[in-house]
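everything below, folded, please.
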Amino acid sequence: MPLLSGFVSKWLIYNAALEAGQAIPALLAWMVSVFTLFSFLKATASVFLADEGPESAGAREAPWAMIAGSAVLAAGSVVFGLAPQVAVNYLINPMLVSLGLAPCIGVSWMGLTVENGSWFSTAGLVMVVLSVAVGLLVYLMAAPARRGLLAADGPSAATAGVFSGGDPLTGPARLPSSDFSLIVKNSLAPFYHLTDVDSLYLTLWRSLLRFCGVLEKVVSCFERHAGTAMPVLALIVAGLAWFFSSAGANPTSAAVQAPVWPIRLGVGLACVALLFIGYAGLKDRRMLPLWAGAGLLSVLGLSFEVPFIRLSLLEGAAFVALALIWKASEKRAASRIYLLMVLLSAAATAWGMSAIGSARTSLVLALLIAGFSLKLALVPLSLWLPMIAEAVPAPLAGLVVAVVDVAAFGELLALRQASPWLFAPTQLWLALALLSALGGAALMLAQRDLKRMLAFSTIEDMGYLILGVAAGGELGMSGAVLGLSVHALAKALLFGSLAAAEADSGPVTLNLRGLASRYPWSAVGFLVGSLTMLGIPPLAMFAARWELYEAATRIGPVFLGALMLATALSVLSYTRVVALCWWGPSDQSGKPEPALLTAALVGLCAVLLLIGLWPAILIK
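This is a model prediction of the structure:
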């Protein structure tokens, strides 16, 4: 609606669509806006204007903090609706420039462009302001007569609702707001009945949950036999790599250089934050020196350019993590599976890297693709990661995901730059990327344990990053480096946000309610981490996802559609967790969150917001 910021954004979108010759999408978008208007009309008439009933007997005014926040948002909507150039010039354009995109120019009052002359937009603003002023003047002029009528009706009438601020009817009969609600209900009932899609949404939601549940049963079956399934699946992936490499790699493929220091920064900050969280929440603090050792080896491994030294340090970090998992795991089977993964991936990766230049290309590709698929938990070699996440404390699971695994991905990036011809036959890399993105996102919806859900979220994000590495080019590599750095910080934040609840209540599942009232800072951390992983601005992952989406577009629309579908499934998963587990009242009391935990969570949130506002810090 005019005068508000939403009108400006819609106006600009409609204009952009029409200028691009896309009249039908513009018309469809306008129709969606109309239906949205009717939805808000129904909600307003039913909830705020209808007669009070037993459902609203306990209703009360919102707390002052919520009123103040709502007032700030409303004022911002009006200010940016009247003068959107303020937001465009000082918020949007700096973000566009930092992403390497052209700034938005020519936006003036009310969202009108100045292409037809500044007088055109100024005159439009003056007309709007005059109309509002005239309406306000008429309302104020009628105020004395309205107060007299209200007084004549008696004290009871003075407290009754008056719809729209118009003059009340003479006599005892007046037009309360509930009459308007009744008019909307009776007059538009056929329209709302025809456009009620709730039943369709519920059917789609239940069907999606059933499908994801079937996938989870298949994965659980493989997990029960992971000791046999992982080597067999690794051989299948290696065989497929051998087959695709027979199509011929391109030894002349150009190398694309990408900085590694952002990954070191992300891994280092994540490790420090997790050390604070672990010190605050772990019962056995004797593990912390090993904890710090795994982080130090990971950062050092990313600092060396000599392949043998780098690989040795990163594998050393994985074996230190193995010692931590072996000591802390509640399920010995998970520890054995992680041991198997570390041994298989280390052997395949070391053999493949040592064979570069001396063995057949097909053998090198088979070994490296199988080895890195195991290390990074790419589908179908991802069985070990959910098992580990469920079996160990949340901070330790965060260490494995945000530090050790991210550092292993750094090794893949170094290989991409040193031997780009290994990625020239991209079919299998892209297939692994899509399987991981879609499979991880779908399996997120099937989880009731939040640590397992975050593990599948990691698998999903690895699919995005692998697609960026396989796509190559400046966009793909920049998106992968920035996304990997942010992944380390966001996953440390998400797993760290579960530490306090897990220490008090045991496994954090969808059965828990009202966690935000018991652990407010953990709730903030989980919400910020979720929004970051979804690529919501102004948080850090937005810039990385933007570049990865554009890289997928250049490969083909199918890849972009697959990534968007994975994102939509992830939105459903994170939204369900926040709505069910964090929001709402709690019937239990929790211990105060430790100061070190709070400091770590707040620090990670601040870093993610800073990178989101100025992504050039890492991109450049």
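
run the chain-centre distance for the lengthiest helix in the chain.
For the chain, the longest helix by residue count, based on DSSP state H, is helix 198-224. Relative to its chain's centre, helix 198-224 lies at 21 Å (CA atoms, centre = their mean, to the nearest Å).

buried residues in it?
For helix 198-224, burial by neighbour count (16 or more other CB atoms under 10 Å) applies to 212, 216, 219, 222, 223. (Each C-beta comes from the backbone N, C-alpha and C, glycine too.)

what number of residues lie near residue 2?
Per other CB atoms under 10 Å, the neighbour tally for residue 2 reads 14.

and the residue nearest the centre of the chain, what does it touch?
Geometric centre of the chain, nearest residue: residue 534, 1.5 Å, by CA atoms, centre = their mean. Listed by CB atoms under 8 Å, 6 or more residues apart in numbering, the contact partners of residue 534 are 541, 567, 570, 571, 574.

hmm, the third one is touching residue 459, no?
No: using CB atoms under 8 Å, residue 570 is not in contact with residue 459; the gap is 11.1 Å.

got any ranges where the stretch 351-500 of the chain has weak pLDDT?
Within the stretch 351-500 of the chain, no range satisfies pLDDT under 70.

which parts of it are helices?
In the stretch 351-500 of the chain, helices defined by DSSP state H, counting those that start in this stretch lie at 361-375, 384-391, 394-399, 406-418, 427-445, 450-471, 473-497, 499-505, listed in chain order.

of these, which is nearest residue 341?
helix 384-391 (4.5 Å; CB to CB).

the closest one to helix 427-445, inter-axis angle?
Counting by axes from the mean of the first three to the mean of the last three CA atoms, to 10 degrees, helix 384-391 lies at 30 degrees to helix 427-445.

coming back round to it: next, the angle from the longest helix of the chain to helix 450-471.
Going by the same axes, to 10 degrees, helix 198-224 makes 90 degrees with helix 450-471.

helix 198-224 packs against which elements?
Contacts defined by 3 or more CB pairs under 8 Å, 6 or more residues apart in numbering; DSSP states H and E place helix 198-224 against helix 384-391, helix 427-445.

in stretch 504-515, what's buried?
So for stretch 504-515, counting by 16+ other CB under 10 Å, buried means 504, 505, 507, 508, 509, 512, 513, 514, 515.

would CSV of these with pLDDT, secondary structure and distance to residue 60 be doable?
Listed next are the buried residues of stretch 504-515 as CSV, based on pLDDT from 0 to 100; DSSP: H, G, I helix; E, B strand; the rest coil; distance: CB to CB, whole Å:
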residue, pLDDT, secondary structure, distance to residue 60
504, 87, helix, 30
505, 85, helix, 30
507, 90, coil, 35
508, 92, coil, 31
509, 92, strand, 32
512, 90, coil, 26
513, 89, coil, 21
514, 88, coil, 19
515, 91, helix, 24
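
out of the residues you listed, which is nearest to residue 58?
residue 514 (17.7 Å).

the closest one against residue 523, yeah?
No: no contact is recorded between residue 514 and residue 523 when judged using CB under 8 Å, the distance being 9.8 Å.

find residues that contact each of these two.
By CB under 8 Å, 6+ apart, residue 514 and residue 523 have these common neighbours: residue 582.

quick one: contacts for residue 218?
Contacts of residue 218 (CB under 8 Å, 6+ apart): none.

do you know how far it is from residue 225?
12 Å (CB to CB, to the nearest Å).

report the separation between residue 191 and residue 39.
For residue 191 relative to residue 39 (CB to CB), the value is 11 Å.

same check, this time on residue 272
Counting by CB to CB, the gap from residue 272 to residue 39 is 46 Å.

show me the shaky parts of the stretch 501-620 of the chain.
Those would be 587, 589-590, 619-620, if you go by pLDDT under 70 across the stretch 501-620 of the chain.

residue ranges for the helices of it, please.
515-518, 520-533, 541-555, 557-577, 595-613, 616-619.

in CSV, list those helices along with distance to residue 207.
Output for the helices of the stretch 501-620 of the chain, formatted as CSV (distance: least, CB to CB, whole Å):
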stretch, distance to residue 207
helix 515-518, 29
helix 520-533, 24
helix 541-555, 27
helix 557-577, 13
helix 595-613, 35
helix 616-619, 40
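
still on that earlier bit, give me the more crowded residue out of residue 272 and residue 39.
Neighbour tally, residue 272 and residue 39, criterion other CB under 10 Å: the higher count belongs to residue 272, 16 against 12.

and the pLDDT for that one?
You'll see residue 272 listed with a pLDDT of 94.
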